[in-house]
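> Have a look at this fold, sequence not included:
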């Protein structure tokens with residue numbers, strides 16, 4: 001099976017998607033990995049990859065099968081092996097063959113210059129402190145900055161970070177910059193001439209950037225026996241930190257790189273079994289993430305405790321915001 005990996009990786013990504021029951025129109029589809037009302041799953045035929053601009057699921061044909069069925073790499077390869085001729089037939093009939101292009105590394109030197117001196121715009125302050133009620137010291141610890149004008153993702157060209165937006169650094173446990181994620185703060189819908197037009201994706205990574213564990217530096221501060229909370233995204237992580245917890249974010253257990261898994265394994269080796277906690281989002285992707293992380297925790301010889309969200313809260317950010325607003329209301 002291993003010798004066929006390159007064959008499976010070269011299968012046309014949109015033909016694989018079609019065989020998985022994911023309709024693709026003009027290289028876009030509704031993402032099956034989260035509740036997607038508008039197509040946010042983009043297929044790059046030239047690179048033979050997919051990327052969801054909402055939940056950040058990304059990868060090649062094998063990754064798409066693993067995510068779609070929530071199965072392991074060997075199982076995904078067996079599925080592709082069985083469907084190999086069907087997929088090629090679909091590709092030859094109506095889909096172009098991919099033109100593979102080399103991937104360029106993230107220009108971390110340039111990205112470091114963007115986040116080296118954090119500045120918060122009025123839009124950023126409104127979102128972070130008035131809408132979400134995050135603590136200023138948490139925002140400073142995370143090194144979050146903002147932009148009011150579009151910025152290039154790398155030194156010399158496109159694509160751009162849309163604006164207004166937060167720029168959120170991802171760093172290694174030792175603090176080395178890995179990549180920078182943007183969080184668009186503009187309107188969710190644009191109305192021009194009474195016509196709804198698409199707006200930029202809410203979250204965006206630079207080309208070549210990977211989506212992995214967020215807030216890895218906190219692992220260096222964790223004490224033996226101290227709870228570590230796992231969030232599904234960066235904003236939930238900010239809420240957990242603002243509530244006084246030590247927290248990391250894992251957008252999807254199936255997106256964890258080997259380096260991420262090794263970081264958690266080294267933490268277990270250094271500290272012994274971890275006391276992990278999670279508030280899964282109140283939806284099907286949240287349940288899928290919990291089950292995947294539970295398997296990972298078991299393989300690491302540690303525990304994962306589940307906490308339920310109250311009715312009306314879709315994620316921990318909702319719970320944190322409602323709690324903050326309730327204690328701010330004057331008592332009768």
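Arrived safely. None of the values given here were measured: they were computed from a predicted structure. Residues are numbered from 1 along each chain as shown.

> how about the strands in the stretch 101-250 of the chain?
145-147, 151-154, 157-161, 165-171, 177-184, 190-192, 195-197, 203-204, 227-231, 247-249 (DSSP state E, counting those that start in this stretch).

> Direction included, what does the first one pair up with?
Think strand 145-147. strand 165-171 (antiparallel) (DSSP bridges).

> Would you enumerate the residues in contact with residue 216?
170, 171, 172, 173, 248, 263 (C-beta atoms under 8 Å, 6 or more residues apart in numbering). In short, each C-beta sits where N, CA and C put it, glycine included.

> Quick check, pLDDT for it.
You'll see residue 216 listed with a pLDDT of 92.

> Quick one: buried ones out of the contacts of residue 216?
Buried positions within those, assessed by neighbour count (16 or more other C-beta atoms under 10 Å), are 170, 171, 173, 248, 263.

> correct me, but the third one touches residue 220?
Yes: with the criterion set as C-beta atoms under 8 Å, residue 173 and residue 220 qualify as a contacting pair; they are 5.4 Å apart.

> The strands of the stretch 101-250 of the chain: which one's closest to residue 280?
Across the strands of the stretch 101-250 of the chain, residue 280 has its closest neighbour in strand 227-231 (9.3 Å, C-beta to C-beta).

> Sheet-wise, list the partners of that closest one with their directions.
Strand 227-231 is paired, per DSSP bridges, with strand 247-249 (parallel), strand 275-278 (parallel).

> any idea which of those strands is most buried?
strand 247-249 (a mean of 24; mean count of other C-beta atoms under 10 Å).

> how about the closest residue to residue 141 other than its chain neighbours, what does it touch?
Spatially, and ignoring its direct neighbours in sequence, residue 141 is nearest to residue 241 (7.4 Å; C-beta to C-beta, 6 or more residues apart in numbering). Neighbouring residues of residue 241 by C-beta under 8 Å, 6+ apart: 134, 135, 138, 141, 142, 215, 218, 247.

> for the third one, what are its contacts?
Neighbour list for residue 138: 238, 241, 242 [criterion: C-beta under 8 Å, 6+ apart].

> With distance to residue 274 as extra columns, can I get those in a markdown table?
A markdown table is the format used below for these (distance: C-beta to C-beta, whole Å):
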| residue | distance to residue 274 |
| --- | --- |
| 238 | 21 |
| 241 | 17 |
| 242 | 22 |
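
> looking at the strands paired with strand 227-231, which is closest to residue 320?
Closest among those, using C-beta to C-beta: strand 247-249, at 11.3 Å.

> hang on, the earlier thing: so how far is residue 217 from the residue nearest to residue 141?
12 Å (C-beta to C-beta, to the nearest Å).

> Now residue 306: phi and psi?
Torsion angles at residue 306 (phi, psi; degrees, to the nearest 10) stand at phi -100, psi 140.

> Does it have any beta-bridge partners, and if so which?
residue 278.

> where's it relative to residue 289, distance?
11 Å.

> before we move on, what about residue 55?
10 Å.

> ditto for residue 77
Residue 77 is 23 Å from residue 289, by C-beta to C-beta.

> same thing with residue 220?
For residue 220, the distance to residue 289 - C-beta to C-beta - is 25 Å.

> Between those two, which has more neighbouring residues?
residue 289 (23 against 10; other C-beta atoms under 10 Å).

> Got phi/psi on the more buried one?
The phi/psi pair for residue 289 (degrees, to the nearest 10) is phi -60, psi -40.

> these two touch, right, it and residue 232?
Yes: Residue 289 is within contact range of residue 232, at 6.0 Å (criterion: C-beta under 8 Å).

> quick revisit: specify which member of the contacts of residue 241 is nearest to residue 59.
Checking the contacts of residue 241 one by one against residue 59 (C-beta to C-beta), the nearest turns out to be residue 215, at 22.6 Å.
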